[in-house]
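J.: What would the 3D arrangement of this be:
(2 chains)
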Protein chains: 2
Amino acid sequence: MFRSPVWLTSVCHLSEERSEPLPTQLYHDLVRAVRDGRIGDGDRLPSSRRAAEDLGVSRTTVTSAYELLAAEGIITVRQGAAPRVISPEHSIQDQTCRHGPTPSLRGEALSADFRREVLPTSGGALAPGEPDETLFPADEWARLLRRVSRRRLGAPALYGDTYGVEDLRLALRDRLASDRGVHVDADQIVIVPGSQAAMALLAQVLTDPGDLAAIEDPGWLGARAAFLGAGLRLSPLRVDAGGADPAGLPVEARLAYLTPSNQYPLGKRLSLSRRLEFIARAKVTGAVLIEDDYDSDFHWSGRTIPALAAQDHDGHVVLIGSASKALLPALRIGWIVVPPGLIDTVRRAQRNLGMIANLHAQFALAELMQSGRYRVQIRRIARDYQGRVRTLVEALTAISEVTVHPPDGGVQVTLQFRSDLDEEPVLAELARRGLHPGRLSGYCQRGDLRGLVIGVGSATPERITMLRDGLRNLFDQETKHV
Amino acid sequence: MFRSPVWLTSVCHLSEERSEPLPTQLYHDLVRAVRDGRIGDGDRLPSSRRAAEDLGVSRTTVTSAYELLAAEGIITVRQGAAPRVISPEHSIQDQTCRHGPTPSLRGEALSADFRREVLPTSGGALAPGEPDETLFPADEWARLLRRVSRRRLGAPALYGDTYGVEDLRLALRDRLASDRGVHVDADQIVIVPGSQAAMALLAQVLTDPGDLAAIEDPGWLGARAAFLGAGLRLSPLRVDAGGADPAGLPVEARLAYLTPSNQYPLGKRLSLSRRLEFIARAKVTGAVLIEDDYDSDFHWSGRTIPALAAQDHDGHVVLIGSASKALLPALRIGWIVVPPGLIDTVRRAQRNLGMIANLHAQFALAELMQSGRYRVQIRRIARDYQGRVRTLVEALTAISEVTVHPPDGGVQVTLQFRSDLDEEPVLAELARRGLHPGRLSGYCQRGDLRGLVIGVGSATPERITMLRDGLRNLFDQETKHV
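T.: Residues are numbered from 1 along each chain as shown, chains lettered A, B, ... in the order given. Sure, this is the predicted structure:
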């Protein structure tokens, strides 16, 4: 180490070509020099006046850079004395160090990763629950976004109407009445950035840590994550051909998560008698039934049954939905239909949790619904998905070792292994063929079902054939072993 | 009540003109008839065959409508018997009834409404913290949105990268390094739907209910709402000319909320010595310092001081920011810079809470930053806001009874009453003139400060003059009374 001040021109190369302002350039060059060890502990830097002369810049430029370095603890600047570089282990070297704060118990509970249990990757071929991006009306959406984002929005663009823009709430109110048999006031609708936010919000607003929540088993992982994240105890609800069984709803349960229109992932529809039974029990116990209407939009088998919420008149059912399947998850738009008595609470909690959806997307969706084009889109994709589901089901029923659960709608088909086959070799074999369906046991709390949950969003005829052949190979081998 | 079946043609008017499908038309007409009392308890409806004939529609249309009515408990359909309308008080009449579920204790805590204490209305003239919508580059944003929303996004459009698209995280990384002196990896950046979501997320991930959190007093209401919503006890940090006082940071505090670059709402900058003191204390106690960098973008007085996070090398500072002031709150985009050790936890918790920002807005912001136009926008609005602040400060310093706190940046100016004047008459008088600044005492936990927090986003020269005159009148009267 040299005693004389660092020769700045040897480490700094200020230039007009560089995009950064001069002080930032000087600052970065010096940081780099310390990182590289060209300048070390105790080295002196020239005074700001001297440095300004050497580098041919204003003194302000230098003092500004020195201030940044001092603020970061890279140099010490003492009145009268020359600036000195201080020991690197107290400075930038540490920026990569790993010790530091740790999550709380709640943080641990909130950060459970259930998806890993069922899905190796997002956007993988045959991944369940994922719509087909190519069915998204991108050009139309682009036109709508362009139009609405040029408008002056006024208060809503600032911090007003955080619970959702009126246009969208009105459009949803009409749609819920005409298509789901749910007659509510637009004020009961709260817009959030998707179903997951809706679940987390409701869990936190309606329960306290330690409360009991009932949840379909097998069921949607997002609901499990939201409930456990809220510190709840879970009580699994058995699912059979009639959907979730209300007999399993504990008296002390504060919440129950249900997918009445198309059980996820088994694809059953909740029978009318069970619907009435769930509501009757909720009336007695005071539980809130969360109805996830996630894909009621693409129902094709038989006539549409109104939502469970349509049969509830005392606010025991809270309906949630989203545009993720009909359009695209990327939009991050979901909704909650809350009972009149909970409107203010849910609105304020949603605001305090910052679960607020992008306004331009809200206005665009409102226009899409008002123009009737949303309905057209739904019909279009419903036809498309129905075709794929049919092909998939036909291809799979050919296989002897499995039971296929033909869904009433939605974007996935569940295939259950008849024998107690292990999922591992099947998933591994399919992965080798580039196919990544979900692992059925991962959706179970008791883990008593084995099989595959197959997304139709990415189910091309080729992939369907590959899947069928892959499974045939496997099960033929298995049968031989038996 | 007539014994013969309801004469459907008298209550139903099916028509091609109506947008709804025939079964829905029939369903709606019958619901309306029951609502209006034209059909009542016990009334018989014709059989589906008979009804189909009367109305000249297919029998499927009728059975479909009857199914909907039965599912809603409006009619009973029994094998062989004619459908009957059942007592209205068990059906739609009840849909407006108010009893039902109530919020939990956590729900109550989550739904506190502090804004009401300080703000009568959103988007009101001189409302604090609200940017000027006319400064938002709407046409440019519209072009960007149009372009990015036509792209195929792949996995991120489905359920991948919920923690933020890479383009934006890279753009933010560069900006944080060049403008805030914060050198981090893009993986440390998590995108959320705004600063409020960032606060709620961090509070839940880093603390357990009952933990202690320090918070600037006076301070941002959103932080208070997030901390109380997470069940935390609050410890106020006194704010003076040097910003928040680290001496007030309790040893047991797990979190501290700070606005180092421009204290909200007093407009002070946290002094360098206090910055180092906060970090030193955090190292000892293990507390996490949340640095809200909310408006560091429009700093004009003196050189920009790097962020507090730039001085921290052990992950004790978590920086949050948003595009709400530089662009528009409506975009719902904010970010968190987390220490390497917390990346996975925060990403998973953010996903499980559904605090996910719209992807098209994320891509548009990334492009705006990469193209350098974001920087241009910031310079432009900084000049504009600085001009308004100057005019405002000049106008107000003329008034003898108040102390003006000239800010180093930001979009509000705080005015403190010298004498122990009451805020009520002042706010009332200004409201009469159509001016709605914030109530300073509302930002205080101890409530020991009185005054006004004036937003410059809506501060036109006319309004500034009205404000000055209004205050002069009031304080002249006050002085006379003394």
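
J.: where in the stretch 101-250 of chain A is pLDDT low?
T.: A:120-123 (pLDDT under 70).

J.: My guess is residue A:249 contacts residue A:283. True?
T.: No - under the contact definition of Cβ atoms under 8 Å, residue A:249 does not touch residue A:283, with a separation of 11.9 Å. Yep, even glycine has a C-beta here, placed from its N, CA and C like the rest.

J.: Looking at those two, which is more packed in?
T.: Taking neighbours as other Cβ atoms under 10 Å in any protein chain shown, residue A:249 and residue A:283 compare with residue A:249 leading, 21 against 14.

J.: quick one: that one from chain B, how far?
T.: 15 Å (Cβ to the nearest Cβ, to the nearest Å).

J.: Dump stretch A:32-47 to CSV, keeping only the CA atoms.
T.: Once non-C-alpha atoms are left out, stretch A:32-47 reads as follows in CSV (Å, rounded to 0.1, in the frame of the first residue of the first chain):
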residue,chain,number,x,y,z
ARG,A,32,-15.0,-1.0,-8.3
ALA,A,33,-11.4,-0.2,-7.4
VAL,A,34,-12.1,-1.2,-3.8
ARG,A,35,-13.9,-4.3,-4.9
ASP,A,36,-11.0,-5.3,-7.1
GLY,A,37,-8.5,-4.5,-4.3
ARG,A,38,-6.8,-1.9,-6.3
ILE,A,39,-7.5,0.4,-3.4
GLY,A,40,-7.4,-1.1,0.1
ASP,A,41,-7.8,-0.5,3.8
GLY,A,42,-6.3,2.8,5.0
ASP,A,43,-5.5,4.2,1.6
ARG,A,44,-5.9,7.9,1.4
LEU,A,45,-7.9,9.7,-1.3
PRO,A,46,-6.9,13.2,-2.4
SER,A,47,-8.9,16.1,-1.0
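
J.: Show me what counts as buried in that stretch.
T.: Buried residues in stretch A:32-47, counted by 16 or more other Cβ atoms under 10 Å in any protein chain shown: A:33-35, A:39, A:43-47.

J.: from these, which has minimum pLDDT?
T.: Of all the buried residues of stretch A:32-47, residue A:35 carries the smallest pLDDT score, 71.

J.: which one is residue A:156 nearest to, not counting chain neighbours?
T.: residue A:165 (5.5 Å; Cβ to Cβ, 6 or more residues apart in numbering or on different chains).

J.: between the buried residues of stretch A:32-47, which is nearest residue A:312?
T.: Residue A:312 lies nearest to residue A:35 out of the buried residues of stretch A:32-47, by Cβ to Cβ, at 63.4 Å.

J.: Next, that closest one: phi, psi?
T.: phi -60, psi -50 (degrees, to the nearest 10).

J.: circling back to that earlier point, ok, the residue nearest to residue A:156 - contacts?
T.: Contact partners of residue A:165, counting by Cβ atoms under 8 Å, 6 or more residues apart in numbering or on different chains, are A:156, A:191, A:359, A:362-363, A:366.

J.: Can I get the buried part of these as one PyMOL selection?
T.: The buried residues among the contacts of residue A:165 can be selected in PyMOL (16+ other Cβ under 10 Å) with this line:
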select buried, chain A and resi 156+191+359+362+363+366
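
J.: now, which of the contacts of residue A:165 lie within strands?
T.: Counting by DSSP state E, the part of those found in strands is residue A:191.

J.: sorry, back to before: reformat the buried residues of stretch A:32-47 as CSV; add distance to chain B and secondary structure.
T.: Converted to CSV, the buried residues of stretch A:32-47 look like this (distance: Cβ to the nearest Cβ, whole Å; DSSP: H, G, I helix; E, B strand; the rest coil):
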residue, distance to chain B, secondary structure
A:33, 15, helix
A:34, 12, helix
A:35, 10, helix
A:39, 17, coil
A:43, 20, coil
A:44, 21, strand
A:45, 17, coil
A:46, 20, coil
A:47, 18, coil
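
J.: Quick check: the two most widely separated of those?
T.: Spatially, the most separated pair among the buried residues of stretch A:32-47 is A:35 and A:47, at 23.5 Å (Cβ to Cβ).

J.: CSV for the contacts of residue A:165, including distance to residue B:258?
T.: Formatted as CSV, these follow (distance: Cβ to Cβ, whole Å):
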residue, distance to residue B:258
A:156, 30
A:191, 32
A:359, 29
A:362, 33
A:363, 36
A:366, 39
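
J.: Just the contacts of residue A:165: which are in helices?
T.: Residues of those located in helices (DSSP state H): A:359, A:362-363, A:366.

J.: Keep only those of those that are also close to chain B.
T.: Contacts with chain B within these, counted by Cβ under 8 Å from any Cβ of the partner chain: residue A:359.

J.: Closest one to chain B out of the ones in helices among the contacts of residue A:165, please.
T.: Distance to chain B across those (Cβ to the nearest Cβ) is lowest for residue A:359, with 3.8 Å.

J.: measure the residue nearest to the closest one when sequence neighbours are not counted to residue B:140 for me?
T.: By the measure of Cβ to Cβ, 6+ apart, the closest residue to residue A:359 outside its immediate chain neighbours is residue B:330, 3.8 Å from it. Distance from residue B:330 to residue B:140, counting by Cβ to Cβ, to the nearest Å: 15 Å.

J.: Which one's more surrounded, the two?
T.: Neighbours per residue, other Cβ under 10 Å: of residue B:330 and residue B:140, the larger number sits with residue B:330, 26 against 17.

J.: So for the more buried one, what pLDDT did the model give?
T.: Note for residue B:330: predicted pLDDT of 95.

J.: Now do the same for it: helix, strand or coil?
T.: Of the three states, residue B:330 takes helix under DSSP: H, G, I helix; E, B strand; the rest coil.

J.: Could you list which residues are in contact with it?
T.: So residue B:330 contacts A:153, A:156-158, A:358-360 (Cβ under 8 Å, 6+ apart).

J.: Tell me the buried residues within those residues.
T.: Buried members of the contacts of residue B:330, counted by 16+ other Cβ under 10 Å: A:153, A:156-158, A:358-360.

J.: all strands for chain A, in order.
T.: According to DSSP E, chain A carries its strands in the segments A:75-76, A:84-85, A:189-192, A:212-217, A:233-240, A:243-244, A:253-258, A:288-292, A:317-322, A:334-337, A:402-405, A:412-417, A:438-439, A:451-455.

J.: Would you format those strands as TSV with distance to residue B:316 included?
T.: Converted to TSV, these look like this (distance: least, Cβ to Cβ, whole Å):
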stretch	distance to residue B:316
strand A:75-76	21
strand A:84-85	23
strand A:189-192	32
strand A:212-217	36
strand A:233-240	35
strand A:243-244	47
strand A:253-258	37
strand A:288-292	39
strand A:317-322	38
strand A:334-337	35
strand A:402-405	51
strand A:412-417	44
strand A:438-439	40
strand A:451-455	43
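
J.: Which of those sits closest to chain B?
T.: Closest to chain B of the strands of chain A, according to Cβ to the nearest Cβ: strand A:288-292, at 4.7 Å.

J.: OK, contacts around the residue lying closest to residue A:176 once chain neighbours are set aside?
T.: Among residues not flanking residue A:176 along the chain, residue A:182 sits closest, at 4.2 Å (Cβ to Cβ, 6+ apart). Residue A:182 is in contact with A:176, A:306-307, A:309-310, A:319, A:337, counting by Cβ under 8 Å, 6+ apart.

J.: Among these, which pair sits farthest apart?
T.: Checking those with Cβ to Cβ, the most distant pair is A:306 and A:337, at 13.1 Å.

J.: Could you point out the longest helix of chain A?
T.: Looking across chain A with DSSP H, the single longest helix is helix A:373-397.
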